[in-house]
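Peer 1: Kindly return the folded structure for what I paste below:
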Amino acid sequence: MKLSVIIPALNEYNYISNTIDSIRLKAILGNPNEIIVVDCGSTDGTPDLVKQLRVKLIQCIPSMAGRAEPLNLGASAATGDVLLFLDADSILPIGYDSDISNALLNTEIVGGAFEFALDGKGFGLRLIELINRIRYRISHEFYGDQGIFVRTGVFHKLGGYPKREILESSEFCSSIRRTGKLALVRKCVKTSPRRFHEGGVYRVFVNDVKIWWLNLIGRQVDRFGNKYWKENIMRGKN
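Peer 2: Predicted coordinates:
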C-alpha cells in the first residue's frame, strides 16, 4: 500500500512539526509514500518550517470557504493509492498505516477513519469525546479531525470533497458510503483541544451540536461557515 498523507495548514507553526513527526515515527510499514502540506496563506512561518521538514509543500490562495479546496488540491498532487487526510494539530496512533492497510484488505471497505480524541484533561473534553463517538457510530459520518482515509480511485470517482463551506467531511463520508463501506479503526487520533479552551469548552461544543443538528434535519448550514472558519482561523485552527 502506498499512502499519501494530506495536511491543510494555516498558521500551524507550533503544531505541524509534531504532526509530521507522528506520521513518520508511528508508521510500522515504512515511511508513507509522501506527505503533502497545503498551506493556505500562513503568516507565522509555517511554509518555511514545512520546507525544513522535507515534505511536499503546495501553496493555496487563502479562502474563508472551508477546507474542501485545499484538501482536493493536495489530493490532486498525491501519488499514493490510499489518501489519508489529517489536521495539522492531530497526532496519529502507533501503527496507523498497518491499521489502514488491514482495514482495506476487505474489498468492500473503501475508506474509514480513526476514533476521535482530544489531547487534554478535563470532564468537558471527555464528555465531548463521548458524545461525538456516539454521533458517528449512529451516522457513520466522520469529521476531519479523525484522520479520514479513502482509496484514491474512489476519491477521484466521487470528485473529491464537496465544495461547501462547512461539514464537508461528513458529506464526503456520505458519498463514500454510496460506493462501499467505511471502517472505524479503534485507535485514537488525538487533536489539540485549543479551540474549545480558547472559545469556551461548552459554548463551542453547543454551537457545534447546533450546526450538526440543523444539517441532520436538512437545514442549510453553509451560512454558518464564514463565522465558523473565521473564529477557528483567529484561534489558529483551520
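Peer 1: Report the contact partners of the most centrally placed residue in the chain.
Peer 2: Geometric centre of the chain, nearest residue: residue 144, 2.7 Å, by C-alpha atoms, centre = their mean. Contact analysis of residue 144 by C-beta atoms under 8 Å, 6 or more residues apart in numbering lists 67, 85, 87, 168, 169. C-betas here are computed from N, CA, C, even on glycine.
Peer 1: what do you get for residue 185?
Peer 2: 96, 99, 100, 103, 112, 113, 114, 115.
Peer 1: now those residues as a markdown table including secondary structure and distance to residue 149?
Peer 2: Listed next are those as a markdown table, based on DSSP: H, G, I helix; E, B strand; the rest coil; distance: C-beta to C-beta, whole Å:
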| residue | secondary structure | distance to residue 149 |
| --- | --- | --- |
| 96 | helix | 9 |
| 99 | helix | 9 |
| 100 | helix | 5 |
| 103 | helix | 8 |
| 112 | strand | 6 |
| 113 | strand | 7 |
| 114 | strand | 9 |
| 115 | strand | 13 |
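Peer 1: Closest one of those residues to residue 216?
Peer 2: When the contacts of residue 185 are compared for distance to residue 216 (C-beta to C-beta), residue 113 wins out at 18.4 Å.
Peer 1: Starting from residue 40, give me the distance back to the residue lying closest to residue 3 once chain neighbours are set aside.
Peer 2: Excluding the flanking residues, the one nearest residue 3 by C-beta to C-beta, 6 or more residues apart in numbering is residue 32, at 4.4 Å. Taking C-beta to C-beta, to the nearest Å as the measure, residue 32 and residue 40 are separated by 22 Å.
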